[in-house]
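[1] Dropping the sequence and predicted coords here.
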Amino acid sequence: MTFTCSFLSVCSGYYRYDEGFTPTFPGADTFDGPIVHPQQWPADLDYAGKRVVVIGSGATAVTLVPSMAKTAAHVTMLQRSPTYIAPVASRDRKADRLRRLLPASAAYRLVRIKNIAWSMFTYQLSRRRPGTMKAILRRAAVGSLPEGYDYDRHLTPTYNPWDQRLCAIPDADLFASVRNGCAEIVTDGIRRFTPAGIELNSGATLDADVIISATGLNFLAIGGIKLTVDGHPVDISQLLTYKGMMLAGVPNFALTVGYTNASWTLKADLVARYICRLISHMDRHGYDTVTPRPPEVVRTGTLVSLIDLDAGYIRRGDSQLPRQGSRAPWRLHQNYVRGFRMLRLGRITDDVVFERRATDRPPVRPGSAAVTMDGSALA
């Protein structure tokens with residue numbers, strides 16, 4: 001099957017969703033129970049009344065543990081190292097009050113501004129005053145955990161807040177499960193799996209009937225699409241990103257990569273609106289293609305990762321991602337206000353080339369002149 005289009009916008013994110021990342025665990029084939037990765041969760045998995053070990057400390061793990069603890073006999077979150085975890089209210093009472101006092105549209109705008117401002121404030125506080133943010137997270141956790149809980153061992157990472165993602169737990173549900181005794185956090189390395197569970201590096205053992213490997217995801221840039229421009233294969237890891245959403249030298253193409261420190265949809269909305277502005281400009285002026293072209297000073301200057309995080313999954317997949325330059329519009333910061341200025345208010349003609357299709361050389365078929373995907377024409 002062949003699809004044709006004049007402009008391709010890829011909204012696939014950067015994860016591979018048909019498989020997750022699973023490290024090699026010695027002795028895994030000897031374990032008597034099921035070993036499940038959340039990406040391949042079987043519909044018939046029965047863990048009611050059973051002992052469950054969830055390996056991992058990221059967003060998936062902190063979500064699974066309190067949920068499974070409601071019906072499992074006991075759930076252990078086994079982590080090699082801690083992650084910063086922030087309790088958040090599942091209900092925004094300030095937003096509820098605004099909705100009662102104001103028309104729906106006005107309340108929506110104010111709540112949106114409030115939430116954006118709060119996420120930016122907490123991120124900037126983490127980056128500029130990490131000690132203050134650590135103290136805030138500690139106070140928020142200690143009040144929900146059992147008295148005397150070893151916070152430093154199980155909930156204090158070696159890095160600063162937002163060097164890696166900060167995990168949010170609604171209404172401190174993970175801490176409540178630990179306090180109630182139906183769940184626990186164990187910080188240790190895995191020596192090997194055994195028929196009855198897991199033997200740890202410390203020599204201790206964890207008995208388990210079910211093991212969940214919440215060990216992360218693999219990268220898959222632009223959904224695994226193989227780009228070809230004018231018959232030449234393109235390696236996107238060697239390309240610069242323009243405004244964090246287009247690729248140098250690739251015409252009529254955009255990708256959506258959301259913020260790592262705020263809602264993904266904030267950036268997705270900016271990208272979608274920018275594409276609409278761009279296509280409208282092309283229609284008004286009769287252009288067929290738009291291609292980002294970096295100046296020499298950007299091309300030969302310092303290049304950085306597209307995603308500014310030091311997480312394990314970023315290190316594993318960073319070689320698949322395009323680069324960023326040292327200055328705008330070839331650099332997009334993890335900041336909504338700066339992104340808004342660039343994508344909603346900024347010019348759409350900077351460092352791009354607009355062209356009209358040659359009238360004396362018609363395309364083989366409409367929409368097939370510039371970009372192909374896995375051998376199929378796209379633009």
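    Perfect, I can see it now. Residues are numbered from 1 along each chain as shown.
[2] how is the chain carved up into domains?
    Residue ranges for the domains of the chain, per automatic domain parsing: 8-16+219-377, 22-215.
[3] Helices of this protein, start to end?
    Shown for the chain, the helices assigned by DSSP state H span residues 59-68, 93-101, 104-128, 130-142, 151-155, 173-180, 264-285, 296-299, 312-317, 336-340.
[4] JSON lines for the ones you listed, including mean pLDDT and mean neighbour count?
    In this view, the C-beta of every residue, glycine as well, is placed from N, C-alpha and C. Conversion of the helices of the chain to JSON lines gives the following (pLDDT from 0 to 100; neighbours: other CB atoms under 10 Å):
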{"stretch": "helix 59-68", "mean pLDDT": "96", "mean neighbour count": "21"}
{"stretch": "helix 93-101", "mean pLDDT": "92", "mean neighbour count": "12"}
{"stretch": "helix 104-128", "mean pLDDT": "93", "mean neighbour count": "14"}
{"stretch": "helix 130-142", "mean pLDDT": "95", "mean neighbour count": "15"}
{"stretch": "helix 151-155", "mean pLDDT": "95", "mean neighbour count": "16"}
{"stretch": "helix 173-180", "mean pLDDT": "96", "mean neighbour count": "20"}
{"stretch": "helix 264-285", "mean pLDDT": "95", "mean neighbour count": "16"}
{"stretch": "helix 296-299", "mean pLDDT": "90", "mean neighbour count": "13"}
{"stretch": "helix 312-317", "mean pLDDT": "69", "mean neighbour count": "16"}
{"stretch": "helix 336-340", "mean pLDDT": "92", "mean neighbour count": "17"}
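[5] Show me the one of these that comes nearest Pro82.
    When those are ranked by distance to Pro82, counting by CB to CB, first place goes to helix 151-155 at 5.2 Å.
[6] Report all helices and strands that the closest one contacts.
    Counting by 3 or more CB pairs under 8 Å, 6 or more residues apart in numbering; DSSP states H and E, the packing neighbours recorded for helix 151-155 are helix 130-142, strand 183-187.
[7] tell me how far it is from the chain's mean position?
    Averaging C-alpha positions (CA atoms, centre = their mean, to the nearest Å) puts helix 151-155 25 Å from its chain's average.
[8] do the same with stretch 121-140
    Centre-to-centre, stretch 121-140 and its host chain are 21 Å apart (CA atoms, centre = their mean).
[9] Could you export that stretch as PDB, CA atoms only?
    Once non-C-alpha atoms are left out, stretch 121-140 reads as follows in PDB (Å, rounded to 0.1, in the frame of the first residue of the first chain):
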ATOM      1  CA  PHE A 121       8.700  27.200  38.500                       C
ATOM      2  CA  THR A 122       9.300  23.700  40.000                       C
ATOM      3  CA  TYR A 123      11.700  22.800  37.100                       C
ATOM      4  CA  GLN A 124      13.700  26.100  37.400                       C
ATOM      5  CA  LEU A 125      13.800  25.700  41.200                       C
ATOM      6  CA  SER A 126      15.200  22.200  40.700                       C
ATOM      7  CA  ARG A 127      17.900  23.400  38.400                       C
ATOM      8  CA  ARG A 128      18.900  26.500  40.200                       C
ATOM      9  CA  ARG A 129      18.400  25.500  43.800                       C
ATOM     10  CA  PRO A 130      18.500  21.700  43.900                       C
ATOM     11  CA  GLY A 131      19.000  21.600  47.600                       C
ATOM     12  CA  THR A 132      15.800  23.500  48.200                       C
ATOM     13  CA  MET A 133      13.900  21.100  46.000                       C
ATOM     14  CA  LYS A 134      15.400  18.100  47.700                       C
ATOM     15  CA  ALA A 135      14.200  19.400  51.100                       C
ATOM     16  CA  ILE A 136      10.700  20.000  49.700                       C
ATOM     17  CA  LEU A 137      10.500  16.500  48.300                       C
ATOM     18  CA  ARG A 138      11.800  15.000  51.600                       C
ATOM     19  CA  ARG A 139       9.200  16.800  53.700                       C
ATOM     20  CA  ALA A 140       6.400  15.800  51.300                       C
END
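[10] which other residues reach it?
    84-87, 151, 155-156, 160-162, 166, 172, 261-262, 334 (CB atoms under 8 Å, 6 or more residues apart in numbering).
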